[in-house]
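Asks: okay, here's the prediction I keep looking at, along with the sequence it came from:
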Amino acid sequence: MSPGRHAAPDPEQEQASLSPVVSAASELGYVRGGRAVLDGITLTLRAAEAVAVVGPSGSGKSSLLALLAGLERPDAGSVTAVADGIRVGLVLQGYGLVSVLTAAENVEAALQAMTGEPGLTRREVRRRADAALDAVGLRPVADHLVEELSGGQQQRVAIARALVIEPTVLFADELTAELDHEWKAIVVGLVLDVARSGGLVVLATHDPDISSRCDRTVRLVDGRLT
Ligand SMILES: Nc1ncnc2c1ncn2[C@@H]1O[C@H](COP(=O)(O)OP(=O)(O)OP(=O)(O)O)[C@@H](O)[C@H]1O
């Protein structure tokens, strides 16, 4: 037996073996309607991890995601995106799709908005959009207007739009709220693949099936981490 095999882990060595920090929140405060929606949130998020944000309705999960994604500004503290070249995929409540465009056009728009992909031909954009829609079972309705799709189909378009850019960070709010059991399992697998490929995934969820598949859970109660 090698000497020191049972020695306590060296904290410095443990730190070195952790994945790089992608985003860090420090003492975040967020006030809306005259009350503290989030208070004193300090959180370190690393590459290659899937983090579930759980807590009762109204505890601040969506607000925390919005701050981490840079969609809202904190009233106290800060969010720092540490890694370079972050490509962020978002699946928000309400989805934010353009209802008078087709499913494929919505997904293509995300690719076209991407910087750093010179020489992406029209044909290649469509090919990638079709592949992303195929992964969520929507290839047959790729040319349908979003407003003609069901809620669950619209949710899957939003997921395809987030995944098509091959995100290095993915924030999703109630990712599978409108999906049946079968699609839920498939979509959660696709999203967790982002973390398995070295990305950061942050999922706000009420669903224990989803949080149990994540690497780590952070719990909010009344805007504070518990
Ligand atoms: N713009 C706003 N104005 C007033 N109150 C707000 C605003 N945004 C959020 N809140 C309040 O902040 C609290 C947290 O909301 P948030 O949507 O972040 O919670 P949540 O945990 O995601 O809830 P749910 O699980 O129901 O989606 C709620 O009480 C909400 O009413």
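Replies: Happy to help now that I have it. Numbers count the residues shown, from 1 in each chain.
Asks: got the CA coordinates for stretch 26-36 in CSV?
Replies: What follows is stretch 26-36, C-alpha atoms only, in CSV (Å, rounded to 0.1, in the frame of the first residue of the first chain):
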residue,chain,number,x,y,z
SER,A,26,-21.4,36.9,-5.6
GLU,A,27,-23.9,38.2,-3.0
LEU,A,28,-26.6,38.7,-5.6
GLY,A,29,-29.6,40.8,-4.6
TYR,A,30,-32.6,41.4,-6.7
VAL,A,31,-35.5,43.6,-5.7
ARG,A,32,-38.9,43.7,-7.4
GLY,A,33,-42.2,45.1,-6.3
GLY,A,34,-40.5,46.6,-3.2
ARG,A,35,-39.4,43.2,-1.9
ALA,A,36,-36.2,41.2,-2.0
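Asks: does it come close to the ligand?
Replies: Yes: remark: stretch 26-36 sits within contact range of the ligand at 32, 33, by CB under 6 Å from any ligand atom. Backbone N, C-alpha and C define where each C-beta goes, glycine included.
Asks: who's in contact with the most centrally placed residue in the chain?
Replies: For the chain, the residue nearest the mean C-alpha position is residue 171 (1.9 Å; CA atoms, centre = their mean). Taking CB atoms under 8 Å, 6 or more residues apart in numbering as the criterion, residue 171 is in contact with 65, 68, 69, 88, 89, 90, 91, 92, 202.
Asks: for residue 224, same thing?
Replies: Listed by CB under 8 Å, 6+ apart, the contact set of residue 224 reads 38, 39, 40, 41.
Asks: the last one is in what secondary structure piece?
Replies: Spelled out, that is residue 41. Here residue 41, judged by DSSP states H and E, is contained in strand 35-46.
Asks: name the SS class of residue 154, please.
Replies: helix (DSSP: H, G, I helix; E, B strand; the rest coil).
Asks: ok, now which ones touch it?
Replies: Contacts of residue 154 (CB under 8 Å, 6+ apart): 95, 97, 146, 178.
Asks: which among those residues end up buried?
Replies: Among the contacts of residue 154, those buried by neighbour count (16 or more other CB atoms under 10 Å) are 95, 97, 146, 178.
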